[in-house]
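Peer 1: No sequence on hand, only this structure:
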């Protein structure tokens, strides 16, 4: 089995609302998978389910063949499954470098003894963490603003930093929730380049975004959601022509899910 | 940075000399008494600081102090154990209690956490009140023997205030050094991430529940030791000594001194504990003045007294921005 991630028949309900219904799909290593769908179709819920923020009511998620359903985010990150957030979720009081360093947190495996006495082990870990953080910050061109407080940073930079923090955890699978939302054309182009570079490093990606042109140009394969259900799956060219997708986006007289 | 460091060095050195010489400078019993209580409260404040750093206000802290105090008193009086064994157990027992309740309480956040710790603390206190035979009920336990260092024949009784002062000072210094060392390490950084954004912290690999529980347990152990010192010093403990009011005091020390400054809780305690004594000249206004001082500090130095240099830097920066924008 060469599947990196397998989502098997998962459902998530919030009270009476079914946000995700019997969803199944899988992901090969090295792929860029796009998840698209109209507002409220369950894209972010899906990311929250895979990254462990929510637990599904039904179904299972496998990562590298291991059942990861219901595991906490901090465990999943250790297994190499990282994510960013739709809003720029960052440590806004801290500096750019500190934010990136916090991403590298799990590189450091020092114990209580190391903490108390600042042992060689702890100091070495810290040096390693700074090197790692710097590498990723340089990678997206944030090395010019290392000492800036994040809350004073332009929105575009904050978005990039969100990716760096996730990247600094050393993931094999990176999920980006709306990486291009709120960015101007130039910045969107930059983040696209960054995503391609990340993929070149062998990191598998799941992208969620509204910007169709952005998604079509980046993704190898796409899953389309509508009312929490998968209505289509395939490469961008197929998706573009799919009748149900067009209907879901432009409205074809259907208000409810297809059965 | 170099001069700041040396400044700090001089200040710390001066402070160290001062606390060591305190009993010699002011040998009156009253000053020694204030000194000992101050040190006990420093332990309370700095141990609570660990959990406050994650953004949680815990009111269960005095109850852990109470568990430590009762454990130590009962082990010495009923079980006949030497203080040298009862003292560490006064840390271990509240540590075990916090290990059991911590993972449950710490799933809650914000005002829910405040309420549940408030209620849990009162429940523990009511156990002391309602168990007459073991804990002496509302009357508490009296005639607790003074602390004795060492074992059986080779032991030294801390019967004078001056000996209690130095013993408490030694324990306080060790606990403060451990706390500051932890806060400045990767562990402290993890606690800060939980405070600033716990979901992001989870998603960058911080096991938030584990870290919070760990800080909670360490705090309970330390304050339990303070409880033991308190019990053998005052030689009388009652449930009323460990109400939520004491928890509020611990929180006030932290807020006044600065929660996120390593020295914050110590500075806050050193100022607030003796403050009512200084305001004795105006007894009827004592608590009003006390409150006004706290309000003024919170209004003008939200980062606490330990961050005076930040406040100054911020005022300077505001001035600069003002001129740059032509204001």
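Peer 2: The structure has been received and is ready for your questions. On a predicted model such as this, the values are computed, not experimentally measured, just so you know.

Peer 1: For residue A:43, see how far away residue A:188 is.
Peer 2: According to Cβ to Cβ, to the nearest Å, residue A:188 and residue A:43 sit 18 Å apart. Placement of C-beta: from N, CA and C, glycine included.

Peer 1: So, low pLDDT: which residues of chain B?
Peer 2: Scanning chain B for pLDDT under 70 picks out B:1-6, B:8, B:152, B:310-311, B:314-315, B:317-327.

Peer 1: Show me what from it comes close to chain A.
Peer 2: B:178, B:181-182, B:184-187, B:189-190, B:192-193, B:196-197, B:199-209 (Cβ under 8 Å from any Cβ of the partner chain).

Peer 1: Which among the residues you listed count as buried?
Peer 2: B:178, B:181-182, B:185-187, B:189-190, B:192-193, B:196-197, B:200-209 (16 or more other Cβ atoms under 10 Å in any protein chain shown).

Peer 1: about what we covered before: of residue A:188 and residue A:43, who's got more company?
Peer 2: Using other Cβ atoms under 10 Å in any protein chain shown, the more surrounded residue of residue A:188 and residue A:43 is residue A:43, with 27 against 20.

Peer 1: If we ignore the residues flanking it in sequence, what's nearest the more buried one?
Peer 2: Closest residue in space to residue A:43, ignoring its immediate chain neighbours: residue A:208 at 4.6 Å, by Cβ to Cβ, 6 or more residues apart in numbering or on different chains.

Peer 1: tell me the strands in chain A, going along the chain?
Peer 2: A:3-14, A:17-28, A:32-36, A:58-63, A:66-67, A:81-83, A:173-177, A:204-208, A:221-226, A:229-234 (DSSP state E).

Peer 1: Quick one: those as TSV, columns for mean neighbour count and mean pLDDT too.
Peer 2: Shown next, in TSV, are those (neighbours: other Cβ atoms under 10 Å in any protein chain shown; pLDDT from 0 to 100):
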stretch	mean neighbour count	mean pLDDT
strand A:3-14	18	91
strand A:17-28	17	91
strand A:32-36	24	92
strand A:58-63	18	92
strand A:66-67	10	92
strand A:81-83	28	92
strand A:173-177	24	93
strand A:204-208	24	93
strand A:221-226	23	91
strand A:229-234	18	89
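
Peer 1: The ones you listed: which one's closest to residue B:77?
Peer 2: strand A:66-67 (54.4 Å; Cβ to Cβ).

Peer 1: which helices and strands sit right next to that closest one?
Peer 2: Counting contacts by 3 or more Cβ pairs under 8 Å, 6 or more residues apart in numbering or on different chains; DSSP states H and E, strand A:66-67 packs against no other helix or strand.

Peer 1: Which residues does it contact?
Peer 2: With contact meaning Cβ atoms under 8 Å, 6 or more residues apart in numbering or on different chains, strand A:66-67 is reached by A:60-61, A:79.

Peer 1: what's the burial count for residue 136?
Peer 2: In the absence of a named chain, chain A is used. Around residue A:136 there are 22 residues (other Cβ under 10 Å).

Peer 1: Let me rephrase: I mean chain B.
Peer 2: Neighbours of residue B:136 under the rule other Cβ under 10 Å: 19.

Peer 1: Same check on residue B:37?
Peer 2: Neighbours of residue B:37 under the rule other Cβ under 10 Å: 16.

Peer 1: Roughly how far does it sit from chain A?
Peer 2: Per Cβ to the nearest Cβ, to the nearest Å, residue B:37 is found 28 Å from chain A.

Peer 1: hang on, the earlier thing: next step: the buried ones among the residues of chain B next to chain A restricted to helices.
Peer 2: With DSSP state H as the criterion, helices contain B:178, B:181-182, B:186-187, B:189-190, B:192-193, B:196, B:200-203, B:208-209 from among these.

Peer 1: Would you point out the most distant pair within the residues you listed?
Peer 2: Once Cβ to Cβ is applied, those give B:178 and B:203 as the farthest pair, at 29.9 Å.

Peer 1: Identify the residues contacting residue 134.
Peer 2: By default, I'm working from chain A. A:97, A:100, A:143.

Peer 1: let's do chain B instead
Peer 2: By Cβ under 8 Å, 6+ apart, the contact list for residue B:134 reads residue B:74.

Peer 1: Can you report phi and psi for it?
Peer 2: Torsion angles at residue B:134 (phi, psi; degrees, to the nearest 10) stand at phi -90, psi -50.

Peer 1: can you check residue B:22 too?
Peer 2: Residue torsions, per degrees, to the nearest 10, at residue B:22 are phi -50, psi -50.

Peer 1: Hmm, residue A:210 is touching residue A:181, no?
Peer 2: Yes. Residue A:210 lies in contact with residue A:181 (Cβ atoms under 8 Å); the separation is 6.7 Å.

Peer 1: gap between the residue nearest to residue A:43 and chain B?
Peer 2: Distance from residue A:208 to chain B, by Cβ to the nearest Cβ: 15 Å.

Peer 1: Do you have the helices of the stretch 1-150 of chain B handy? List them.
Peer 2: B:2-25, B:29-52, B:61-77, B:83-105, B:110-130, B:132-135 (DSSP state H, counting those that start in this stretch).

Peer 1: Residue B:226 is in what secondary structure piece?
Peer 2: Using DSSP states H and E, residue B:226 sits in helix B:208-234.

Peer 1: Which residues does whichever helix or strand comes after that helix contact?
Peer 2: Heading C-terminal from helix B:208-234, the first helix or strand you meet, by DSSP H and E, is strand B:236-237. Outside strand B:236-237, the residues that touch it by Cβ under 8 Å, 6+ apart are B:66, B:69-70, B:73, B:140-144, B:230-231.

Peer 1: Counting by contacts, list what the next helix or strand after strand B:236-237 packs against.
Peer 2: Sequence order places helix B:244-257 as the next helix or strand after strand B:236-237, per DSSP H and E. Judged by 3+ Cβ pairs under 8 Å, 6+ apart, the packing partners of helix B:244-257 are helix B:29-52, helix B:61-77, helix B:110-130, helix B:264-272, helix B:286-300.

Peer 1: Helix B:244-257: which residues count as buried?
Peer 2: Neighbour-count burial for helix B:244-257 [16+ other Cβ under 10 Å]: B:244, B:246-247, B:249-257.

Peer 1: Ok, stretch B:121-135 next?
Peer 2: By 16+ other Cβ under 10 Å, the buried positions in stretch B:121-135 come out as B:121-122, B:124-125, B:127-129, B:135.

Peer 1: still on that earlier bit, and the contacts of strand A:66-67, which is closest to residue B:89?
Peer 2: Distances from residue B:89 to the contacts of strand A:66-67, taken by Cβ to Cβ, are shortest for residue A:79, at 40.1 Å.

Peer 1: That closest one and residue A:172, how far apart?
Peer 2: For residue A:79 relative to residue A:172 (Cβ to Cβ), the value is 8 Å.

Peer 1: Any stretches of the stretch 151-259 of chain A with poor pLDDT?
Peer 2: A:250-259.
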